[in-house]
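1. need a structure here:
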Amino acid sequence: MLRVITGQRFRYLVVILVTVGVVGLFAGSMPAGERTAQEDKVKYGQKRLGFYLHGCWKYNYPFAVRSWKKDDYHNMFQLLKQLGFNTVMLWPALEAVPMPLSEEDREAVRGFRPIIEDAQKCGLETWLTLCIVTSQAEIAAKPWMERSLYYYMKTVWLNNPEEAKAYLKHRAALLEILNNADGYVTIDGDPGGYPGATPDKYLMVLLNDRKVIDRVGTHHKTQRIIPWVWAGWGTKGVWQEPIEPFVRATLKALKQKMVEPWEMLPGRSYREGRANGRINFAFAKEEGLLDRSTLMCYESIEFEPIPPLGRLQFENIRKVLLQEMKESAGARGWFGNAQQPIMVLPNLYLFARGTADPSYLAKSDEEVLCDLAELLGGPRKLLVPAWMCLRLKLEEIPTDLPAKLRAAKLSGEAAAYIPGGAKRYLEILAAETDSQIRLLRACAKKAHSPEEAARVITEGTGALVDWWKLHRYVRMGKGDEPFQWNFGTRYPILQRWCAQNVSNPKIVREMAAQEIVRRGILTEKVARERVSELLKR
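-> Alright, predicted model coming up:
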């Protein structure tokens, strides 16, 4: 039976056919052996498919990667394999280990070695990420995995010979412990670097890593040093000035002076004209370094930093992958990233399927979600609206969806590998949908009196705070901060309601704060502050 393809799906199908056709024409001029390899890439996807487990941000289990135990990492490695990934990149935030290395921290870092080994045993090439920053000494008051790096982060000034020497010694001590990774990735900024930093200083760190791994690496002849080209080494700050001259200078230095074995990880933002756009991909191609490059499609799967929430970013994924399939043929493969992979599992799924088979990108959102539901062995009539709840109207979300999600089961093999477990995953989906229903339901009401306005504000705030209490995301805070609106992203819904319905904010402010405290949602001080912000004209 023929199906009619219309609208957005038709446009994607046309782009896919053109993309595959361009690669096919390019392959037609190749020798037979190279042509076969290129045809395999079109049919089966790029050679490398990697995923970056961002372990820096600190919030509740199982949302934050750094809250995971060994079993959670193991399950995630197995899940990645099931989805078709063959490479994983880990950032355990070694930068949160201050100089000099204490015995307690030495043992804590040594405890991460088995996680690298486990990823390799699961069949994943395993990369370890580092940044050229360190942290203040007081960060050591808490165990390593409970530390908040950004709150205590400290710039490393490599122009100062004594500071550079101390840092390289400290970094070498960390690499000597974690000497079993397949690749060592160092970002060129964000975080790291400082105004006026020159490419030779960045290169100095990379070459020092090369010497350390050559000396102590478990398989040093194949362990690679991998520059992550991202924000431009030496800029005034992230996106504060054009990065083009800095990226060009860094790439030229790498091309001239890097020591084998090495490859590159150029990164791009989800759209052109924002942050680095696709500047780094274009320049890598210009410099003839694309064949050394795996393309990091940053933010396609999930923005960063951002509070936990199940946002579908299918359009971003389709757009970026289709563009890069045309523009960057010849690269080694693809990389994606997420802070909280369990919350964006649908995005991760589409990214994996789309890189392996570009024609899959023409599927509708609902078809993709149904396929994922089948993989997890769960009821699509529950999972699909749960995954789509943030884009649905109140009347489109079944009122009993949270309860049914909590009572459901996932029987697929892949579901057993979700960090935190399949049951916990369903509970999280239920909590998210419950929060969204409560928020939309509250803001669907009109207020005809201050009492009614205060009641809506209380109900909407409760919906948002309950979800926050589950994940406890605090952006760059230490972890003990009270609730703030920017610890979530849905508060503008309540803010808009207030702008349209509250005519006497002074009276409503007092009544709403009292009711929020009475219901135990927030303490009095915090309640008054948040309501005042909400009603600020």
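2. C-alpha only now, for contacts and for neighbours.
-> Will do.
3. helices or strands next to the host helix or strand of T458 in the packing?
-> Secondary structure assigned from DSSP states H and E places T458 in helix 450-471. Judged by 3 or more Cα pairs under 8 Å, 6 or more residues apart in numbering; DSSP states H and E, the packing partners of helix 450-471 are helix 422-443, helix 491-501, helix 505-518.
4. OK, contacts around E481?
-> Counting by Cα atoms under 8 Å, 6 or more residues apart in numbering, E481 touches V474.
5. roughly how far apart are it and A352?
-> 36 Å (Cα to Cα, to the nearest Å).
6. which residues of the stretch 51-200 of the chain fall in helices?
-> When secondary structure is read from DSSP state H, counting those that start in this stretch, the stretch 51-200 of the chain shows helices at 70-83, 103-110, 113-121, 149-152, 161-177, 199-216.
7. which other residues reach the helix holding T458?
-> 59-61, 63, 308, 431-432, 434-436, 438-440, 442-443, 445-447, 483, 487-488, 490-491, 494, 498, 501-502, 504, 507-509, 511-513, 515-516, 521.
8. what inclination does that helix have with respect to helix 505-518?
-> Relative orientation of helix 450-471 and helix 505-518, computed by axes from the mean of the first three to the mean of the last three Cα atoms, to 10 degrees: 50 degrees.
9. could you dump the helices of the stretch 51-200 of the chain into JSON lines and include distance to F314?
-> Compiled in JSON lines, those are given as follows (distance: least, Cα to Cα, whole Å):
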{"stretch": "helix 70-83", "distance to F314": "16"}
{"stretch": "helix 103-110", "distance to F314": "37"}
{"stretch": "helix 113-121", "distance to F314": "28"}
{"stretch": "helix 149-152", "distance to F314": "30"}
{"stretch": "helix 161-177", "distance to F314": "37"}
{"stretch": "helix 199-216", "distance to F314": "35"}
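10. out of those helices, nearest to C389?
-> Of all those, it is helix 70-83 that lies closest to C389, at 23.9 Å by Cα to Cα.
11. so what secondary structure elements neighbour the closest one?
-> helix 113-121, helix 345-356.
12. break this structure into its domains for me.
-> Domains of the chain are assigned by automatic domain parsing as 45-370, 371-439, 445-534.
13. need those in JSON lines (columns: mean pLDDT).
-> Conversion of the domains of the chain to JSON lines gives the following (pLDDT from 0 to 100):
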{"stretch": "domain 45-370", "mean pLDDT": "96"}
{"stretch": "domain 371-439", "mean pLDDT": "98"}
{"stretch": "domain 445-534", "mean pLDDT": "96"}
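14. which residues touch A172?
-> When contacts are counted by Cα under 8 Å, 6+ apart, A172 touches N208, D209, V212.
15. any idea how far L312 is from it?
-> Counting by Cα to Cα, the gap from A172 to L312 is 40 Å.
16. which residues in the stretch 1-150 of the chain form strands?
-> With DSSP state E, counting those that start in this stretch applied, the stretch 1-150 of the chain shows strands at 48-54, 87-91, 125-130, 133-135, listed in chain order.
17. what comes up buried for the first one?
-> When neighbours are counted by 16 or more other Cα atoms under 10 Å, the buried residues of strand 48-54 are found to be R48, L49, G50, F51, Y52, L53, H54.
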